[in-house]
Every structure is written in structure tokens, then in C-alpha cells.
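Student: No sequence on hand, only this structure:
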Ligand code: HEM
């Protein structure tokens, strides 16, 4: 990734003639202003203890680096000894960490919002970053996930199974010998395809340019955000026009618009013609239709292209990381593949179709997914907020207006909540569900103040039910159709904290070999007569 100093290289500006000279002059003037007057994001918040900065360090550069490389350790250690909120220096300035016992004060208080956090940390006012604008501007996008996606779950399971089968056919050709694959990239493509089949109309779900954008936009977004954060706020409004990373983001949005707009226009035309002819307008079931339904109800608007990009940002990488970590944890823990296969043979052997009931019966698989998410959640900090006004917490801590705050997932590794928390125990939650009265607790999608990978309460992730279905179907096809192992000289890929994310080396190899499933995966009989 280009450093901010590279990004600010003035070479290309010289090609811009007068405009370039003006831009350079402005940048230099603003830079001097920044240098002399600083910015409020470079100062700790008064009255809240600061950790992660060592004695003798003049500024916060080292504290920020430490945070990027070891956020999890810093917070885990601090939470053990501290009862009150403290602050660290993150890439975007001071960040208040709320100890887990105060979680509910933050997640239920509408004066602190996720929307403001997205707006500040992801630059949604800048061109190219529009992919998070729907989640910030109004509730059309979020409500479309809550209502449209959730209501379509029952019908979508069949589609996911059909697409999963095609995905494996494409990426895992029959193999009698152990064959290497880079699973991270494959998982991303699978999730992008399953998501597109659900969120997009069929003609666009197959569009390779869209599939590429739906994966790459998130990566470009991360890079664009990273570079922008390293630039003093006062310079951003100018510099962003010239950074290769933000230019890339603008190109992505333009490409997405080129792909999507013809379909939107055709739908509008068709609808107008239907209404004119006195016919009921045709009903669709995809994210465009879900967003339109909310717009019709509330009058709030959401740009269809930005909406689809927001679906990708929310759904693709989060689910892919969760699926990959789960797959690695299953393959890496002896006896697990056999145990899960046995459950699949029993459940699919008597199932009538790919539907909610079938997936709900996969309780051991659900437990493995939840345990993997406990040990390696896609992100370590999941309740992220900005205070929209000054707030005093119950312990007297004053959170000034504009401060960023977050709740760490430290209870996931706390012995008080989980026995032997450092050990992967795939059947942990299955066993917990056997306790009287706890049958429907401890599911992958269940949230709680001691289990925050999806947040908890009013703003808990509404896409988790869909993600759960995707992962279960992909695991079912994988475990019944193939054997897996890791190369001996590599072993199980380490799931490492990178900033706040738990990710694996994208170059990691997994080996697979074809096998004959004991039961048919074609539950919907789409291959009848083949
Ligand atoms: C395994 C995959 C996923 C993970 C780990 C995940 C995680 C999260 C987390 C941690 C939050 C923030 C909760 C909070 O602030 O309290 C969130 C919010 C959200 N997620 Fe997900 N998510 C996943 C999949 C999805 C999918 C597939 C969608 C569908 C588009 C989605 C849509 C959303 C939306 C709309 C919100 C905002 C909810 C609100 O503010 O009320 N997520 N997600």
C-alpha cells in the first residue's frame, strides 16, 4: 500500500498546469496551517486515562503503530485491570474503550450512533466512498436488510444451494489426488456469487465485472480509508482528488453505475408502462425491490447503485472471513470433519428440500460456526459509535461530543463466560444447548452482551441470518463432496489479528480431494432426469 508521503508525491500534479499549481499552493498553505495549529484528533480526550503510549514518546505515532499491530493484546490486558473507560490512540485519533460491563449503556443509547462512526471513519462525504452513504443518510438501506432480506430468507435457501453447487463445480474440479487451492480467494468469490444471486437480478448476478467490483470495492475502500486517515483532515478535501486509492474508488463507483443503471432504467420504464396499461407493476425480489419498498413507505430515497455497493460492503468480506476462519478451524481440529459429516448424512438423508427447517437441524454445524466466531470474530471491536452530544456515563465518565467509542469483544476470551476459552471446542455451544431451557439459546445468530461478533440489541447485524444460511450451505457442499487437509510444511493457517480484523494469510494453501457424498445434496431435485 502506498504510504501517505508517496500518495502526496506532486509529480502528477505538474501535468495539470494551472490547476495543479493552484492545488499544490493550497496544499502547502493548508499544510502549514495544520502544522502550526494541529487538529483536535491528535490530542487525547481530557479526563479519560490514555493507554498504549509509552513514557518519553513525543507524539502518538508509535502508539498508533502499536494499536495497528496489537490492538487485541492491548485491550485484553487493560480490560482485566480497569473498571472504567480508557482511551487508546487509533489511526483516526483517540478512541474510547468501554469496558464490557458497560456495553448496554453504549449500544442502546441513540445519542451515540454507528451512522456517525461510518461517516467519520469512512469519509462518506467524499466521491468514491458513496458505498457507505446509504447506511448513513437514512434508514432505507438498513431497513431493506431488516425487512426485505429477512423476509426473503425462506425462498432464498434453494437459490443459495443451487449457486453453491455451481461454485464448487467451478473451483474444485474432480481430483483423485490431493490438490492445492488458495481457499481465501475462493471463499470470497463464493460469497460474492451467493450474495449477488440474492441481492441482484439474475442477469446482473452473473456479470463478472459486478462480481469483481463486489469483492474489490471493499478492499479499495479499506485502502482509500487508510490513506485518507493518514492525511491531516484539513488537507483531505483537496488531496483526495489526486490519490490513486481514492481515484480507484471513484472508478469503481462509475463502473458499478455503468453495470446497474440500464436495469434500473428498464424497470422504471416497465413499471410506467404497466401502470399506464392498468396492470399491476411486476414484483421483483432483490435488493433494488427491497429498497424501493422502504422508499415507497417512508419517502426517503436511496441511490440504487450506492445501495448495492453498501450491500457488498456489509455482506461480502464479513461473511467470507467468517466462512474461511470456520473452514480452517473445522479442518484443523481432528475428528471435526467426520462429526459434521455424520450430522449432514442424518439431516440431509431425511430432508425434503433445502429450506429453513433443514438448516435449523444442523445444530452441530451451527455450534462449530459459533465457536469459530467466538475465537476468531471477523472484527474484534463490533459496537462502534460516535457521540453526537456530550454524554455522562453511569460511572461519571464524560464522553465529549464527537468522540469515537467502541466495545471490545473481550468476554469471548473470558473464563468467567467460557470454560477453557483459549481452546477451540467446536461442540461447545451444541453442549450448552443440551442444558434444560437452553435449547434455542447459543445459536450462531444469537447475540448477547457476552457475545458481540454481530453486536447486540436494536442495532445488531440484521444480515446475520442470511450469512448463517450461506455458510451452512457452503460447508455442507464442501464437507460431503471433498476431503481436506493442510500441507504438512504449512499446517493450519494462523488466524491473526490485523488491526481489528481476524484474518489469515491470503496465500495459505488447503489441499482437497474429491469424495462421493453418502447422501444427495440435490434436495430440490433440480437434476432429476439428468
Ligand atoms: C458473518 C457476517 C457478518 C458479520 C460478522 C457482521 C457484523 C456486523 C456488526 C458487528 C455490526 C454492527 C453492530 C453494532 O454496531 O451494534 C453489523 C451491522 C450491520 N450489518 Fe452485518 N455482519 C455480517 C453480515 C452482514 C450481511 C450479510 C448483511 C447484509 C447486507 C449485513 C448488514 C448489516 C447492517 C445493515 C448493519 C447495520 C445495523 C444497524 O445499524 O442497525 N451484515 N454487522
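Tutor: Great, that's in hand. In this text the structure is predicted, and so the values were computed from the model without any measurement.
Student: dump the residue contacts of residue 348.
Tutor: 358, 476, 480, 519-521, 523 (Cβ atoms under 8 Å, 6 or more residues apart in numbering). Any C-beta I mention is one placed from the backbone N, CA and C, and that applies to glycine too.
Student: Okay, it and residue 342: tell me how far apart.
Tutor: Separation of residue 348 from residue 342 (Cβ to Cβ, to the nearest Å): 11 Å.
Student: Out of the contacts of residue 348, flag the one nearest to the ligand.
Tutor: Ranked by distance to the ligand (Cβ to the nearest ligand atom), these are led by residue 476 at 17.0 Å.
Student: rewinding a little: and the furthest pair within the contacts of residue 348?
Tutor: Spanning the widest gap among the contacts of residue 348 are 358 and 480, at 13.5 Å by Cβ to Cβ.
Student: buried residues in stretch 297-315?
Tutor: 302-315 (16 or more other Cβ atoms under 10 Å).
Student: which element is the closest residue to the ligand within the stretch 151-300 of the chain on?
Tutor: Here the stretch 151-300 of the chain gets closest to the ligand at one residue, residue 195, 7.0 Å apart by Cβ to the nearest ligand atom. Per DSSP states H and E: residue 195 is located in helix 183-199.
Student: now for that helix, which elements pack on it?
Tutor: Contacts defined by 3 or more Cβ pairs under 8 Å, 6 or more residues apart in numbering; DSSP states H and E place helix 183-199 against helix 150-171, helix 202-205, helix 208-229, helix 304-332, helix 464-481.
Student: can you do 10 Å?
Tutor: helix 150-171, helix 202-205, helix 208-229, helix 287-298, helix 304-332, helix 464-481, strand 510-514 (3 or more Cβ pairs under 10 Å, 6 or more residues apart in numbering; DSSP states H and E).
Student: So what's the residue count around the residue in the chain that the ligand sits nearest to?
Tutor: Ranked by Cβ to the nearest ligand atom, the top residue of the chain for proximity to the ligand is residue 463, at 2.0 Å. Counted with other Cβ atoms under 10 Å, the neighbours of residue 463 add up to 20.
Student: go on, the one 3 residues further on?
Tutor: Residues within reach of residue 466, counting by other Cβ under 10 Å, total 25.
Student: Need the pLDDT of it.
Tutor: Predicted confidence (pLDDT) for residue 466: 98.
Student: Next: the one 3 residues further on.
Tutor: Here the pLDDT value assigned to residue 469 is 97.
Student: now swap in residue 22 and tell me
Tutor: At residue 22, pLDDT is 47.
Student: can you check residue 234 too?
Tutor: pLDDT, residue 234: 92.
Student: Could you do the one 5 residues further on as well?
Tutor: Reported pLDDT at residue 239 in the predicted model: 96.
Student: Please verify my assumption that it contacts residue 231.
Tutor: Yes. Counting by Cβ atoms under 10 Å, residue 239 touches residue 231, with 5.4 Å between them.
Student: who's more crowded, the two?
Tutor: Neighbour count, other Cβ under 10 Å: between residue 239 and residue 231, residue 239 has more, with 22 against 19.
Student: Quickly note the distance from that one to residue 453.
Tutor: From residue 239 to residue 453 the distance is 35 Å (Cβ to Cβ).
Student: near the ligand, which residues of this structure?
Tutor: Applying Cβ under 6 Å from any ligand atom, we find that the chain lies next to the ligand at 107, 114, 142, 145, 311, 314-315, 318-319, 322, 378, 382-383, 453-455, 459-464, 466-467.
Student: how about the top helix by length along the chain: buried residues?
Tutor: The single longest helix within the chain, with elements called by DSSP state H, is helix 244-276. Applying a neighbour-count criterion of 16+ other Cβ under 10 Å, one finds 245-250, 252-253, 255-257, 259-260, 263-264, 267 buried in helix 244-276.
Student: what does stretch 91-107 give?
Tutor: Buried residues in stretch 91-107 (16+ other Cβ under 10 Å): 92-100, 102-103, 105-107.
Student: Over to stretch 141-156?
Tutor: For stretch 141-156, burial by neighbour count (16+ other Cβ under 10 Å) applies to 141-145, 148-149, 152-153, 156.
Student: Adding pLDDT, write those residues out as TSV.
Tutor: Formatted as TSV, the buried residues of stretch 141-156 follow (pLDDT from 0 to 100):
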residue	pLDDT
141	97
142	96
143	97
144	98
145	97
148	96
149	96
152	94
153	94
156	94
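Student: Cross the buried residues of stretch 91-107 against strands and list the overlap.
Tutor: Among the buried residues of stretch 91-107, DSSP state E puts 93-97 in strands.
Student: Where does pLDDT dip in the stretch 401-530 of the chain?
Tutor: Scanning the stretch 401-530 of the chain with the threshold set as pLDDT under 70 gives 499, 528-530.
Student: just so I have it, where are all the helices in it?
Tutor: With DSSP state H, counting those that start in this stretch as the criterion, the stretch 401-530 of the chain has helices at 428-433, 464-481.
Student: Give me the below-cutoff pLDDT ranges for the protein.
Tutor: 1-42, 499, 528-530.
Student: these two touch, right, the residue of the chain closest to the ligand and residue 322?
Tutor: No. Between residue 463 and residue 322 there is no contact under Cβ under 10 Å: 11.2 Å.
Student: Find residues that contact each of the two.
Tutor: Counting by Cβ atoms under 10 Å, 6 or more residues apart in numbering, the shared contacts of residue 463 and residue 322 are 454, 470.
Student: Number of residues surrounding residue 79?
Tutor: Neighbours of residue 79 (other Cβ under 10 Å): 20.
Student: surely it meets residue 86?
Tutor: Yes. If you go by Cβ under 10 Å, residue 79 and residue 86 touch, sitting 8.9 Å apart.
Student: can you list residues touching both of the two?
Tutor: 97-99.
Student: If we only consider these, which is nearest to residue 507?
Tutor: Relative to residue 507, the closest of the shared contacts of residue 79 and residue 86 is residue 97; by Cβ to Cβ it sits at 32.6 Å.
Student: Just list whatever residues bridge to the closest one.
Tutor: residue 86, residue 406 (DSSP bridges).
Student: Now do the contacts for residue 43.
Tutor: Taking Cβ under 10 Å, 6+ apart as the test, what residue 43 contacts is 60, 93-94.
Student: Distance check, it against residue 93.
Tutor: 8 Å.
Student: again, but for residue 405
Tutor: Residue 405 is 12 Å from residue 93, where distance means Cβ to Cβ.
Student: So for these two, which residues contact both of them?
Tutor: 45, 87.
Student: and the angle for the longest strand along the chain with strand 93-97?
Tutor: Secondary structure of the chain read by DSSP E shows that its longest strand is strand 381-387. Relative orientation of strand 381-387 versus strand 93-97 (axes from the mean of the first three to the mean of the last three Cα atoms, to 10 degrees): 110 degrees.
Student: for strand 381-387, packing partners?
Tutor: helix 61-81, strand 93-97, helix 103-107, strand 112-113, helix 114-121, strand 398-399, strand 404-408.
Student: Tell me which of the ones you listed is the most buried.
Tutor: strand 404-408 (a mean of 24; mean count of other Cβ atoms under 10 Å).
Student: Would you check that residue 414 makes contact with residue 80?
Tutor: Yes. Using Cβ under 10 Å, residue 414 is in contact with residue 80, at 9.0 Å.
Student: and the residue most central in space within the chain, what is it in contact with?
Tutor: In the chain, the residue lying closest to the centroid (Cα atoms, centre = their mean) is residue 318, at 2.8 Å. By Cβ under 10 Å, 6+ apart, the residues touching residue 318 are 191, 218, 377-379, 453-454, 461, 463-464, 467, 501.
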